[in-house]
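*Asks:* please find the sequence and the predicted model below.
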Amino acid sequence: QVQLVESGGGLVQAGGSLRLSCAASGRTFSSSAMGWFRQAPGKEREFVARISWNGGSTYYADSVKGRFTISRDNAKNTLYLQMNSLKPEDTAVYYCAAHYSGSYFYTSSYGYWGQGTQVTVSS
């Protein structure tokens with residue numbers, strides 16, 4: 001079992017940066033691929049980025065490619081999302097999740113979720 005707690009969200013002006021963290025507890029974090037998703041008001045939760053269990057492979061949604069960087073520190077049981085050049089359309093609740101099975105792009109492929117952290121980007 002994996003328990004996930006996100007932090008690092010907040011209010012930032014357009015063009016600014018934030019770094020989200022996701023602290024994990026449980027034995028399986030270091031062997032699990034991890035993902036970041038986000039959900040804006042009135043919209044479905046959408047894929048943002050994912051990283052393999054050892055950090056050797058990453059993949060991003062087109063909307064964040066080149067601006068966001070996903071990383072992990074297995075020794076600290078922590079997942080990160082560095083967000084640069086933020087835009088108002090990045091405003092959402094951001095969730096980290098532990099991959100279970102299936103395509104990385106679908107929420108149904110993730111077995112454990114954090115409670116989310118709010119990111120608000122003002123114009």
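*Replies:* Sure thing, it's come through. Residues are numbered from 1 along each chain as shown.

*Asks:* ok, now which ones touch the spatially closest residue to residue 107 that is not a sequence neighbour?
*Replies:* Spatial nearest neighbour of residue 107, chain neighbours left out: residue 45 (5.4 Å); criterion: Cβ to Cβ, 6 or more residues apart in numbering. Where C-beta positions appear, they are placed from N, C-alpha and C, glycine not excepted. Shown in contact with residue 45 (Cβ atoms under 8 Å, 6 or more residues apart in numbering): 37-39, 95, 107.

*Asks:* residue 30 belongs to a strand?
*Replies:* No - counting by DSSP: H, G, I helix; E, B strand; the rest coil, residue 30 is not found in a strand; it is helix.

*Asks:* of the contacts of residue 45, keep whichever come out buried.
*Replies:* Applying 16 or more other Cβ atoms under 10 Å to the contacts of residue 45, the neighbour count classes 37-38, 95 as buried.

*Asks:* which of those residues fall within strands?
*Replies:* Judged by DSSP state E, the buried ones among the contacts of residue 45 include 37-38, 95 as members of strands.
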